[in-house]
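> this one's structure only:
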């Protein structure tokens with residue numbers, strides 16, 4: 001898993017990092033944060049996708065090996081959130097790269113993010 005923050009308020013980031021604690025233990029599902037896109041198969045994106053960060057996000061996505069999966073976490077990544085309609089923000093992450101799982105919420109609970117990860121695992125097995 002690779003985490004990419006497109007400029008969020010860090011609420012979703014805190015919930016993503018909570019997955020690494022023993023309480024939620026995302027590693028039991030095989031999830032492990034990686035420092036490089038070349039070592040990751042799942043891209044976790046938080047925050048509203050701005051026009052400034054979209055090229056970087058595409059570059060990171062292209063550097064990931066196939067098969068690759070994308071999760072949009074939080075209201076901002078899923079639908080633009082409170083920034084919906086702003087001139088410098090895309091309506092949703094799906095306009096920039098393809099998304100495999102959406103986890104709505106502001107911020108979403110770690111349990112909801114875990115459910116999104118299990119949906120990705122089901123796609124990987126299929």
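Looks like it arrived, so ask away. Here the structure is a predicted model, which means the values were calculated and not measured.
> residue ranges for the helices of the protein, please.
With DSSP state H, the ranges of helices along the chain come out as 11-18, 54-63, 75-79, 110-125.
> Excluding its own residues, what touches the longest one? List them.
Okay, so that is helix 110-125. 15-16, 18-19, 24, 26, 29-31, 41-42, 67, 69, 71, 73, 100-105 (Cβ atoms under 8 Å, 6 or more residues apart in numbering). Glycine gets a C-beta too; all of them are placed from N, C-alpha and C.
> Buried ones among the residues you listed?
Using 16 or more other Cβ atoms under 10 Å as the burial test, the contacts of helix 110-125 include 15-16, 19, 24, 26, 31, 41-42, 69, 71, 73, 100-103 as buried.
> how close does the residue nearest to residue 20 when sequence neighbours are not counted sit to residue 33?
Of all residues not flanking residue 20 in the chain, residue 26 sits nearest, at 6.3 Å (Cβ to Cβ, 6 or more residues apart in numbering). Using Cβ to Cβ, to the nearest Å, residue 26 is found at 9 Å from residue 33.
> who touches both of these two?
Common neighbours of residue 26 and residue 33 (Cβ under 8 Å, 6+ apart) are 1, 20.
> Okay, residue 16 and residue 126: tell me how far apart.
Counting by Cβ to Cβ, the gap from residue 16 to residue 126 is 25 Å.
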